[in-house]
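K.L.:
could you work out the structure for the sequence below:
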Amino acid sequence: MTEKEPSLKIALIGLTYPFRGGISHYTTLLYKTLASKHDVTFFSLNRQYPDLLFPGKTQKDLSQQSFTVPNNACIDSINPITWIATFVKIRRLQPDFILFSWWNPFFAPAFGSISWLAKLISGIPSCFLCHNVIPHERSMIDVFLLRTTFAVTDTFIVHSEEDRENLIGIKPDADVHKNPHPTYGVFSENTDSNGADLRDDLGLRDKKVLLFFGYIREYKGLEYLLQAMEKLPTEDGFHLLVVGEFYEDQEKYSLSINRLKSSGQLTLVDHYVPNEEVSRYFEAADVVVVPYLTATQSGIIQIAYGFEKPVIATTVGGLPEVVADGQTGYLVAPSDADAIAMAVRKYYKDRDFVDFPGNIRAENKKYSWDAMLETIEAIGVKILIKRGR
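P.N.:
Have a look, this model is predicted:
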């Protein structure tokens with residue numbers, strides 16, 4: 001926006017501390033970006049999932065260095081009274097629009113109710129910023145929930161072409177704005193480059209270190225990365241760090257993990273990593289591997305780019321849009337252990353001749369939070385014009 005254009009009044013709805021994970025981090029950083037120039041009120045969740053539905057050990061962020069911003073934690077995902085109360089607060093606020101951080105149809109009743117009430121009673125429009133239009137583990141009712149939730153919303157932001165197509169398939173008349181997932185540079189800020197210490201602690205000083213990071217679910221494709229590791233010669237010093245909490249039965253991976261551990265090729269850190277420790281693993285790694293079987297985008301890639309680490313990723317969803325093959329990493333076919341192993345070898349063969357960090361720095365310009373800010377500002381201006389302001 002130019003200096004002559006008005007500041008926006010935005011009601012932001014989503015997840016933040018004390019909840020953990022990428023969506024919480026994202027929405028927190030989004031608030032900081034928007035609040036640097038605009039009047040933003042953050043209405044956050046005080047309950048994400050009922051404990052019975054959560055596959056991990058805890059939903060809360062136990063980090064010593066938490067990411068916090070001012071917010072009104074007033075939305076209970078399963079309590080309709082809080083949805084109505086939140087609408088009342090928004091109605092009093094009279095924002096130019098509501099910006100929802102959207103990631104799962106489970107929140108359709110809560111977010112949809114707030115959006116419907118705001119539009120039909122107060123004429124306040126909404127914009128949904130979609131991390132995933134359709135979830136990775138989808139159910140038969142998802143499309144119904146999405147159509148119902150999005151029915152009174154015209155404007156959307158997505159991070160990938162696949163999500164744009166998914167959204168148009170659900171709502172053909174949607175006004176869809178595509179903006180790449182911004183980089184998580186926050187984890188690399190104030191780092192002391194203690195990855196070298198981690199390498200020493202694990203006896204990996206002279207090893208070729210690969211990193212798989214994040215929650216472990218079937219769609220993440222870890223089994224194919226483990227198979228690829230077994231194809232790489234032990235004597236060549238390849239070592240895989242698997243860092244993340246299992247959200248499925250660990251037993252299906254146990255044979256491969258045990259074989260690789262016994263050959264000295266794998267270190268398993270099977271718990272959620274607090275914020276202050278994230279840098280250790282990314283700094284220790286040479287390359288980050290994202291062997292997903294399905295995806296629309298990946299926050300892990302954007303964390304890797306924040307540390308200027310190249311990525312080996314599969315050609316699924318929106319991943320090819322953010323990994324420049326041979327420049328910021330390599331692209332391989334999904335479900336193909338041979339292709340992953342070949343890409344690993346190619347990376348270590350090429351890394352002395354390709355300026356991966358420099359290429360990533362150049363690419364990171366389009367993954368800035370300022371770019372996301374400009375997208376949201378353009379949407380805000382259209383809304384103001386449409387509302388005659």
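
K.L.:
tell me which stretches of the chain form strands.
P.N.:
9-14, 39-47, 72-76, 97-102, 126-130, 155-158, 175-178, 208-213, 238-243, 266-269, 287-290, 311-314, 329-332 (DSSP state E).

K.L.:
output those strands as a markdown table; include the columns distance to residue 363 and mean pLDDT.
P.N.:
Every C-beta, even on glycine, is put in place using the N, C-alpha and C of the backbone. Formatted as a markdown table, these follow (distance: least, CB to CB, whole Å; pLDDT from 0 to 100):
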| stretch | distance to residue 363 | mean pLDDT |
| --- | --- | --- |
| strand 9-14 | 26 | 98 |
| strand 39-47 | 28 | 98 |
| strand 72-76 | 36 | 98 |
| strand 97-102 | 24 | 98 |
| strand 126-130 | 22 | 97 |
| strand 155-158 | 19 | 97 |
| strand 175-178 | 16 | 96 |
| strand 208-213 | 19 | 97 |
| strand 238-243 | 24 | 97 |
| strand 266-269 | 28 | 96 |
| strand 287-290 | 15 | 98 |
| strand 311-314 | 11 | 98 |
| strand 329-332 | 10 | 98 |
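
K.L.:
which one of those lies closest to residue 322?
P.N.:
strand 311-314 (8.2 Å; CB to CB).

K.L.:
mind checking which helix or strand of the protein has the lowest mean pLDDT?
P.N.:
helix 195-202 (a mean of 82; mean pLDDT, DSSP states H and E).

K.L.:
identify each buried residue in that helix, please.
P.N.:
195, 198-199 (16 or more other CB atoms under 10 Å).

K.L.:
nearest to residue 324 among these?
P.N.:
The closest of the buried residues of helix 195-202 to residue 324 turns out to be residue 195 (CB to CB; 23.8 Å).

K.L.:
wait, the closest one touches residue 282, no?
P.N.:
Yes. At 7.0 Å, residue 195 counts as touching residue 282 under the criterion of CB atoms under 8 Å.

K.L.:
want to throw the strands of the chain into JSON lines with mean neighbour count?
P.N.:
Converted to JSON lines, the strands of the chain look like this (neighbours: other CB atoms under 10 Å):
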{"stretch": "strand 9-14", "mean neighbour count": "24"}
{"stretch": "strand 39-47", "mean neighbour count": "20"}
{"stretch": "strand 72-76", "mean neighbour count": "17"}
{"stretch": "strand 97-102", "mean neighbour count": "26"}
{"stretch": "strand 126-130", "mean neighbour count": "25"}
{"stretch": "strand 155-158", "mean neighbour count": "25"}
{"stretch": "strand 175-178", "mean neighbour count": "16"}
{"stretch": "strand 208-213", "mean neighbour count": "23"}
{"stretch": "strand 238-243", "mean neighbour count": "24"}
{"stretch": "strand 266-269", "mean neighbour count": "19"}
{"stretch": "strand 287-290", "mean neighbour count": "26"}
{"stretch": "strand 311-314", "mean neighbour count": "27"}
{"stretch": "strand 329-332", "mean neighbour count": "24"}
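
K.L.:
columns distance to residue 54 on top of these, output as a markdown table?
P.N.:
Formatted as a markdown table, the strands of the chain follow (distance: least, CB to CB, whole Å):
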| stretch | distance to residue 54 |
| --- | --- |
| strand 9-14 | 18 |
| strand 39-47 | 11 |
| strand 72-76 | 15 |
| strand 97-102 | 18 |
| strand 126-130 | 22 |
| strand 155-158 | 26 |
| strand 175-178 | 31 |
| strand 208-213 | 20 |
| strand 238-243 | 20 |
| strand 266-269 | 20 |
| strand 287-290 | 24 |
| strand 311-314 | 27 |
| strand 329-332 | 32 |
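
K.L.:
quick one: closest of those strands to residue 108.
P.N.:
When those are compared by CB to CB, strand 97-102 sits nearest residue 108, at 9.2 Å.

K.L.:
which residues in the stretch 101-250 of the chain form helices?
P.N.:
For the stretch 101-250 of the chain, the helices defined by DSSP state H, counting those that start in this stretch occupy 108-122, 142-150, 161-170, 195-202, 222-231.

K.L.:
out of those helices, nearest to residue 265?
P.N.:
Of all the helices of the stretch 101-250 of the chain, helix 222-231 sits nearest to residue 265, with 5.7 Å by CB to CB.

K.L.:
relative to strand 238-243, how tilted is that closest one?
P.N.:
160 degrees (axes from the mean of the first three to the mean of the last three CA atoms, to 10 degrees).

K.L.:
please name every helix or strand in contact with helix 222-231.
P.N.:
Contact analysis of helix 222-231 by 3 or more CB pairs under 8 Å, 6 or more residues apart in numbering; DSSP states H and E lists strand 208-213, strand 238-243, helix 251-262, helix 337-350 as its packing neighbours.
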